[in-house]
Structure formats: structure tokens, C-alpha cells
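# here is a sequence together with a model predicted from it:
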Amino acid sequence: MLFQLLRELEPYRAKLVAVSKTKPVEAIQVLYDEGQRIFGENRVQEIMEKADRLPSDIQWHMIGHLQTNKIKYIAPFIHLIQSVDRPKLLHAIQAEAAKINRIIPILLQLHVAQEETKFGFSEEELMVFLNEEPPASFPNVAIQGVMAMASFTEDEKQIRREFAQVRATYGRIKTKYFQDNPEFSECSMGMSGDYQIALEEGATMVRIGSLLFGPRPCQITP
């Protein structure tokens, strides 16, 4: 499946993030041996445990909701924090990165889905924030683009609208705040069920879990 996905992504020049949350290191090692290097996790403890047991050239992406008091544990090695969903978190990443004299790459998470449980900035909130605190205010953070999740729905038209909205927001932010910054180039959107639509709407990075690793086991409550 890995090679099939890579062939699909090639015309779009999009990156593949293998979402390895809840998966054992043995399963990650199989994909690594096949050539995959980018893996996404959503829990700090899990990413730390796996990083200790797997090859050092893996590019770990934090894709889950991140608490500010957990940043220090991943700051020395994280390749990209995709889920920067609020100003407080960005400030905390800047502080931790400055302590270790490192520049940490991040994506700004946008909220476009209907579910209120999903996190992220609206476009208006993000514009207000960047007006008040421009990117130069965060010298130890490299803002490289945006990330978003579409609504959990079978309505493909709605999913397409939401991905188009993300790409349009990305373009407006790029033009206004990052026009002279080639690092601001990533639009991370699309998962196993909707990545084809995301690619058509301009994704530069997709996050695929179940297609690569199989479905997560159902949790049975007593």
C-alpha cells in the first residue's frame, strides 16, 4: 500500500505522513524498511517511547492536541508540530525552543470542520493574531504552513468545500504575511478517507493511518 500511495502523491508532489498513533514499533519499522521516513503521532508520551526505540533519522510529526507543559519533552527532536491551534501554544513553543537554541518548525491549525470538538484558528482569528504578533515575534519558530481536518461526513461536496477553504486561507495568509518566505509552503490536509479530495484541492501533505497500518482496534467498554 505504501508504494501505491506514493505513486498517487507523486503528481501532486505531496508528502506522506504515516499516522502511527497506537501502532507498535514493529509495524513502524516495517514501513521504515520500505522507505517511509515521516511518521505522525498525537501523544507526547507515545512519540517519546517510539523515538527511543526506532531509527534516529525518522522525522516525527506531532499531529495531536498539544499541552503547553509537554512541549519540553519533544522540543529537542520533533521535526514538525502540525497542531499549533492557539496563541498560547505558539508562545510556549517559542519559549522552549529558545531555551535549547533551536528553531522548531510548526504548522498553524485551522478549524473548518463542523464538529466543535476539533481545534484550531478560524481565518479571522488567525489574521487578528498575526496582525498583533507578526511571525518575526517568534524567532525560534519556523511557521511553515497550515493544517486542517475536514468534517467527519460522507458528503464529499462539503469535504471539498472545506479543503478549498483551507487552501484559500493558506493563500491569503501566504500573500499577507509570508510572501517573501519560501519556508511557508505546506498545506497539510486529508486523511485515509478523503486524501484524494485533499490532493485535488491543493494539499502538499496528507496524513494517512488506516490505509497503511489497518484500522485501529475497537475499544470494548465493559
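Thanks, I have it.

# quick check: residue 192 touching residue 210?
Yes - proximity of residue 192 to residue 210 meets the contact threshold set by C-beta atoms under 8 Å, at 4.6 Å. C-beta coordinates here come from the backbone N, C-alpha and C atoms, glycine included.

# quick one, which of the two is more surrounded?
When residue 192 and residue 210 are compared for neighbours, residue 192 comes out ahead with 16 against 12, by other C-beta atoms under 10 Å.

# spit out the contact partners of the more buried one.
Contacts for residue 192 were tallied using C-beta atoms under 8 Å, 6 or more residues apart in numbering; they are 208, 209, 210, 211.

# show me what contacts the residue lying closest to the second one once chain neighbours are set aside?
Yep, that's residue 209 we're talking about. By the measure of C-beta to C-beta, 6 or more residues apart in numbering, the closest residue to residue 209 outside its immediate chain neighbours is residue 19, 3.3 Å from it. By C-beta under 8 Å, 6+ apart, the residues touching residue 19 are 39, 40, 41, 63, 191, 207, 208, 209, 212, 213.

# in the sheet, who's paired with residue 19?
Beta-bridge partners for residue 19, by DSSP bridges, are residue 40.

# any idea how far it is from residue 144?
19 Å (C-beta to C-beta, to the nearest Å).

# give me the pLDDT for the residue nearest the centre of the chain.
The residue lying closest to the centre of the chain (C-alpha atoms, centre = their mean) is residue 82, at 3.2 Å. We have a pLDDT of 98 for residue 82.

# ditto for the one 5 residues further on
The predicted local confidence for residue 87 comes out at a pLDDT of 97.

# distance from stretch 128-148 to the middle of the chain?
15 Å (C-alpha atoms, centre = their mean, to the nearest Å).

# quick one: mean pLDDT for it?
97.

# buried residues in that stretch, which are they?
Within stretch 128-148, the residues scored as buried using 16 or more other C-beta atoms under 10 Å are 130, 138, 140, 141, 142, 143, 144, 145, 146, 147, 148.

# next, the distance between the ends of that stretch.
19 Å (C-alpha to C-alpha, to the nearest Å).

# same thing with stretch 58-77?
End-to-end distance (C-alpha to C-alpha), stretch 58-77: 10 Å.

# next one: stretch 29-42
End-to-end distance of stretch 29-42 (C-alpha to C-alpha): 18 Å.

# quick revisit: would you list the contacts of residue 19 in CSV and tack on neighbour count and distance to residue 70?
Shown next, in CSV, are the contacts of residue 19 (neighbours: other C-beta atoms under 10 Å; distance: C-beta to C-beta, whole Å):
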residue, neighbour count, distance to residue 70
39, 26, 18
40, 25, 16
41, 25, 12
63, 26, 14
191, 19, 23
207, 24, 20
208, 21, 25
209, 20, 21
212, 22, 26
213, 21, 24
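
# in helices, which of those fall?
212, 213 (DSSP state H).

# kindly indicate which of the contacts of residue 19 lies nearest residue 48.
Nearest to residue 48 among these, counting by C-beta to C-beta, is residue 41 at 9.2 Å.

# who's in contact with the closest residue to that closest one other than its chain neighbours?
Leaving aside its chain neighbours, residue 41 sits nearest to residue 47 (4.0 Å; criterion: C-beta to C-beta, 6+ apart). Counting by C-beta under 8 Å, 6+ apart, residue 47 makes contact with 41, 60, 62, 74, 78.

# what's the local residue count around the second one?
Residues lying near residue 60 (other C-beta under 10 Å) number 22.
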